[in-house]
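Engineer: Okay, sequence plus prediction incoming.
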Amino acid sequence: MGYTNGNSTASSENQLKFLIYGRTGWIGGLLGKLCKSQGIEFTYGSGRLENRPSLESDIASFNPTHVFNAAGVTGRPNVDWCESHKVETIRTNVVGTLSLADVCREKGLILINYATGCIFEFDEMHPLGSGIGFKEEDVPNFIGSFYSKTKAMVEDLLRNYDNVCTLRVRMPISSDLTNPRNFITKITRYEKVVDIPNSMTILDELLPISIEMAKRNLTGIYNFTNPGVVSHNEILEMYKEYVDPSFTWKNFTLEEQAKVIIAPRSNNELDATKLKLEFPELLGIKESLVKYVFKPNQKVNIA
């Protein structure tokens, strides 16, 4: 194998060449901007994940040092889409992701794969409010939505690939409050929200860390969230305090929510100890929200 496991850092950052899948996606777009700002050479893959020859062609023409997969089907407007488009979901999320991992292994390349942590739900061993989070080695216990089911399947299979770094993203948030994929933007537009504490991913802080993980040639599974949990109401209270003092919202119960969605949603806490040990500077979820999201969007109150 041409890749190196462990903490071996790329000898020179100028030699880094990133091949990114997911040009039209939110995370893929942000990754490209980060590469530009850091002076890292990159290109977006033009091949389809489920088309192996097209992946091989991309790699042959660009000769990357690392591959990033930010492509995948999440559904529009939400994951309920996957319930009625199961083959399309399998084709990209399972067949495509495995094809890319397999091609990368054959070519001696590390694949940084943005996955999901929405494959767990609070249970007797990890009760809501207990502070006991699911660890990287835990077996997924949530397959309530077809989207989560495919993601759990592919994660289990990818464990066998020693060239893959699987990053479990959850309820991603960024400082761009106009982006409809942003979890904060979503819940501020909902008619009603449930109030449950969850692990979440602040992209402004964590996406640069994923680039650093590539530089360190890290592999394996990581809970890719900020430490701790934050509830929907706590986020909306921060939104009201920093962004819009006139903002109001209504809550409803999980039972009431179930009547307006097709597939159940995952609620959980992920244990971010492994990531925090690798990156001690990683902020807790509430600190990260204030620093990276709310302070940059703070409206100045004029007396």
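Structural biologist: Yes, it's here.

Engineer: State the distance from the residue lying closest to N163 once chain neighbours are set aside to R168.
Structural biologist: The shortest distance from N163 to any non-neighbouring residue, by Cβ to Cβ, 6 or more residues apart in numbering, is to R105 (4.7 Å). In short, each C-beta sits where N, CA and C put it, glycine included. Going from R105 to R168 by Cβ to Cβ, to the nearest Å gives 21 Å.

Engineer: lowest average confidence, helix or strand, in this protein?
Structural biologist: Ranking every helix and strand in the chain by mean pLDDT, DSSP states H and E puts helix 254-258 at the bottom, with a mean of 63.

Engineer: Next, the buried residues of the very next helix or strand once past that helix.
Structural biologist: The first helix or strand that comes after helix 254-258 along the chain, using DSSP states H and E, is helix 273-278. Neighbour counts over helix 273-278 (16 or more other Cβ atoms under 10 Å) mark 274-276 as buried.

Engineer: could those residues be laid out in CSV, adding distance to S145?
Structural biologist: CSV is the format used below for the buried residues of helix 273-278 (distance: Cβ to Cβ, whole Å):
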residue, distance to S145
K274, 26
L275, 25
K276, 29
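
Engineer: Dump these into a markdown table; add distance to P197 and pLDDT as well.
Structural biologist: What follows is the buried residues of helix 273-278, written out as a markdown table (distance: Cβ to Cβ, whole Å; pLDDT from 0 to 100):
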| residue | distance to P197 | pLDDT |
| --- | --- | --- |
| K274 | 20 | 98 |
| L275 | 19 | 98 |
| K276 | 18 | 98 |
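
Engineer: Show me which of the residues you listed is closest to P208.
Structural biologist: L275 (13.1 Å; Cβ to Cβ).

Engineer: residue contacts, that closest one?
Structural biologist: For L275, the contact set (Cβ atoms under 8 Å, 6 or more residues apart in numbering) comprises 209, 222-225, 282.

Engineer: So which of those wins on neighbours?
Structural biologist: In terms of neighbours by other Cβ atoms under 10 Å, the contacts of L275 top out with T225 at 30 neighbours.

Engineer: For that residue, which non-adjacent residue is closest in space?
Structural biologist: Looking at T225 with Cβ to Cβ, 6+ apart, the closest residue is S199, at 4.2 Å.

Engineer: can you check K291 too?
Structural biologist: L283 (6.5 Å).

Engineer: wait, that neighbour sits on G228?
Structural biologist: No: taking contacts as Cβ atoms under 8 Å, L283 lies outside contact range of G228: 9.5 Å.
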